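> quick one, what's the 3D model for this:
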Amino acid sequence: MYNRILDTFIAVVDYGSFTKAAEYLYISPTAIMKQMNSLEKHLNIKLIERTPSGVYLTPAGKIIYNDAKFIINYSNKSITSSTAVTHKYDTTFCVGTSLLNPAKPFMDLWYRLNESFTDYKLHLVPFEDNHEGILSEIEKLGEKFDFLIGVCDSKAWLSLCQFLPLGRYKKMIAVSREHRLASKRYINIEDLYGETLMMVSRGDSGVNDFLRNDLEKNHPQIKIEDTPQFYDLSVFNRCAETGNVLLTIECWKDVHPGLISIPVNWNYKIPYGLLYSLNAPPDVLRFIKSVKDIIYND
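Predicted coordinates for the structure are as follows:
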């Protein structure tokens with residue numbers, strides 16, 4: 001509901017420079033500069049002064065900066081409230097879907113269980129895989145969504161919701177189509193020697209931390225570059241642009257058309273499943289019970 005360049009503007013002001021804002025948003029300083037030029041041109045207002053020591057708000061920029069935060073907050077609240085009102089009085093399960101957390105695995109479950117929920121409809125609710133805002137989306141379980149389905153080994157995620165594991169995805173690596181490893185159908189860890197491997201920073205994922213410890217201890221020839229705790233499309237873009245190697249999972253092989261995912265000779269996997277509210281209503285819990293019955297009987 002608002003121009004997403006406002007997020008960039010706020011980051012530039014908060015961090016005081018294009019470079020630091022670029023590191024925070026995980027895009028290039030050039031992209032930051034282009035977005036800021038575009039915003040100022042669109043508004044026909046000079047928002048910031050660029051100096052060798054950093055950037056500073058103009059008087060007009062201060063007004064836009066304060067109002068931008070209000071606009072973003074109000075927009076998010078408006079979307080949440082309107083979604084809740086739309087589905088308050090009908091028997092509908094709202095299922096979140098995004099590029100990295102698509103609803104298809106939920107649909108596969110639904111078609112096996114919908115005979116027990118004949119009076120229910122499904123409503124798919126799109127959301128963005130934004131590494132800055134994903135936790136606020138998880139918090140909306142029970143309001144904006146009844147269910148999300150996706151990979152979950154995150155301590156931060158699990159503190160905000162309940163999780164029913166459905167299976168595990170293999171850890172793989174992704175490289176650009178021009179990379180020296182792109183033609184391989186399968187690689188060993190030693191094939192990564194001399195490469196920079198992008199993976200989430202330490203502390204939130206037990207599986208990733210265990211893998212990182214293994215690499216640092218037994219394969220120091222691989223340089224590790226931290227990504228944000230939660231992937232979004234900018235992480236895949238950086239992999240494609242830099243020629244680095246990205247730690248990924250098998251279900252994300254089609255996320256970025258410029259990247260190729262390759263299996264690795266290791267046994268690292270990460271769980272995926274259903275996420276639902278800590279205070280889930282009876283019908284959601286009934287659906288979860290039905291899913292458990294399927295899992296235990298398969």
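> walk me through the domains of the chain.
Recorded structural domains for the chain (assignment: automatic domain parsing) are 5-80, 86-166+272-297, 170-270.
> got these as JSON lines, with mean neighbour count columns?
(Each C-beta comes from the backbone N, C-alpha and C, glycine too.) As requested, these are exported to JSON lines (neighbours: other C-beta atoms under 10 Å):
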{"stretch": "domain 5-80", "mean neighbour count": "15"}
{"stretch": "domain 86-166+272-297", "mean neighbour count": "16"}
{"stretch": "domain 170-270", "mean neighbour count": "17"}
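> okay, strands next: where are they in the stretch 51-200 of the chain?
With DSSP state E, counting those that start in this stretch, the ranges of strands along the stretch 51-200 of the chain come out as 54-57, 92-97, 121-126, 148-151, 162-176, 196-200.
> go through the ones you listed and name the closest to Cys251.
Closest approach to Cys251 among the strands of the stretch 51-200 of the chain is made by strand 162-176 (5.3 Å; C-beta to C-beta).
> let's see the closest one as PDB, backbone CA atoms only.
Output of strand 162-176 as PDB, limited to C-alpha atoms (Å, rounded to 0.1, in the frame of the first residue of the first chain):
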ATOM      1  CA  GLN A 162       3.600 -23.700  17.000                       C
ATOM      2  CA  PHE A 163       5.300 -26.000  14.500                       C
ATOM      3  CA  LEU A 164       4.200 -29.500  13.100                       C
ATOM      4  CA  PRO A 165       7.100 -31.100  11.200                       C
ATOM      5  CA  LEU A 166       6.100 -32.800   7.900                       C
ATOM      6  CA  GLY A 167       9.500 -33.800   6.600                       C
ATOM      7  CA  ARG A 168      13.000 -32.600   5.900                       C
ATOM      8  CA  TYR A 169      14.600 -30.900   2.900                       C
ATOM      9  CA  LYS A 170      18.200 -31.600   1.800                       C
ATOM     10  CA  LYS A 171      20.800 -28.800   2.100                       C
ATOM     11  CA  MET A 172      22.300 -28.000  -1.200                       C
ATOM     12  CA  ILE A 173      24.400 -25.200  -2.800                       C
ATOM     13  CA  ALA A 174      23.400 -22.700  -5.500                       C
ATOM     14  CA  VAL A 175      25.800 -21.100  -8.000                       C
ATOM     15  CA  SER A 176      25.400 -18.800 -11.000                       C
END
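> so what does the one helix or strand Lys34 maps to touch, helix or strand wise?
Element membership for Lys34, per DSSP states H and E: helix 29-43. Under the contact criterion of 3 or more C-beta pairs under 8 Å, 6 or more residues apart in numbering; DSSP states H and E, helix 29-43 touches helix 5-15, helix 18-25.
> so which of the strands of the stretch 51-200 of the chain comes closest to Ile5?
Going by C-beta to C-beta, the one of the strands of the stretch 51-200 of the chain nearest Ile5 is strand 54-57, 15.1 Å.
> give the rounded mean pLDDT of stretch 51-66.
Across stretch 51-66, pLDDT averages out at 89.
> contacts only, for Leu275.
138, 141, 147-150, 152, 157, 161-163 (C-beta atoms under 8 Å, 6 or more residues apart in numbering).
> what residues are up against the residue nearest to the spatial centre of the chain?
Relative to the mean C-alpha position of the chain, the nearest C-alpha, by C-alpha atoms, centre = their mean, is the one of Asp129, at 3.6 Å. Each residue near Asp129 by C-beta under 8 Å, 6+ apart is listed here: 98-101, 230-233.
> contact partners for Leu192?
173, 219, 221-222, 245.
> which pair in those spans the largest distance?
Comparing the members of the contacts of Leu192, the greatest separation, given C-beta to C-beta, is between Ile173 and Gln221, at 15.0 Å.
> first vs last residue of stretch 48-57, how far apart are they?
The first and last residues of stretch 48-57 sit 4 Å apart, counting by C-alpha to C-alpha, to the nearest Å.
> ok, and what's touching that stretch?
Applying C-beta under 8 Å, 6+ apart, the set of residues contacting stretch 48-57 from outside is 12-13, 16-18, 36, 47, 58, 61, 65.
> helix, strand, or coil at the residue nearest to Leu246 when sequence neighbours are not counted?
In space, not counting the residues next to it along the chain, Leu246 is nearest to Cys239; the distance is 3.9 Å by C-beta to C-beta, 6 or more residues apart in numbering. Using DSSP: H, G, I helix; E, B strand; the rest coil as the criterion, the local structure at Cys239 reads helix.
> so what's Cys239 up against?
Under the criterion of C-beta under 8 Å, 6+ apart, the contact list for Cys239 reads 174-176, 198, 245-246, 256, 259.
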